[in-house]
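S.K.: curious how this folds, go ahead:
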Amino acid sequence: MASHGELQVECDWEAYQLYFELPEDFVVTENDSEGFYAEGDAMEFGIFPFADANIDTSDIAYFTLELAAELDLDNYDDADVIEDLNGLEGAYVEGEIDGVRVVLLGIIDPETDTNFFALIKFYDDDEVAEEAAFDIIMSIEPY
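M.R.: Numbering: from 1, shown residues only. As a prediction, this is how the structure comes out:
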């Protein structure tokens, strides 16, 4: 699944039956029904559930932009849609929170009323971190 070979920690978020891969330096600090959170040397990854039966795939970009505003994301543009995220639908925006670069991802599970948002924070401003972030995103899949 990972395109750069950098992702080596296989993670199961059993509470929501999601699988994803993280860089090998990540340590999981939370894995329960409230969320999944892990930290690496120069990045953090968190994914959190929310229930909203009214959101569908046509709303994901709008929802992601609303969430960006709610989280006080700065310097972000339009949301980019990910049309097939291993059976899920998603959109993301890139921006900053308190001067830290982030990717915010909104995810819809078309099979349930449970949806997700993920936040990836970068503490290094380099292409390797950016590639790792998108590898994480593309590895997310339900099981």
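
S.K.: need phi/psi at the residue sitting furthest away from the middle of the chain.
M.R.: Going by CA atoms, centre = their mean, the residue of the chain most distant from its centre is N54, 20.6 Å out. Dihedral pair for N54: phi -80, psi -10, per degrees, to the nearest 10.

S.K.: what are the boundaries of the strands in this protein?
M.R.: Along the chain, the segments classed as strands by DSSP state E run 7-13, 18-23, 27-32, 35-39, 43-51, 80-85, 88-97, 100-108, 114-122, 141-142.

S.K.: pLDDT weak spots in this protein?
M.R.: 1-7 (pLDDT under 70).

S.K.: same for the longest helix seen in the chain, what does it pack against?
M.R.: The longest helix of the chain (DSSP state H) is helix 127-139. When contacts are defined as 3 or more CB pairs under 8 Å, 6 or more residues apart in numbering; DSSP states H and E, helix 127-139 packs onto strand 7-13, strand 18-23, strand 43-51, strand 80-85, strand 100-108, strand 114-122. For every residue, glycine as well, the C-beta is placed using N, CA and C.
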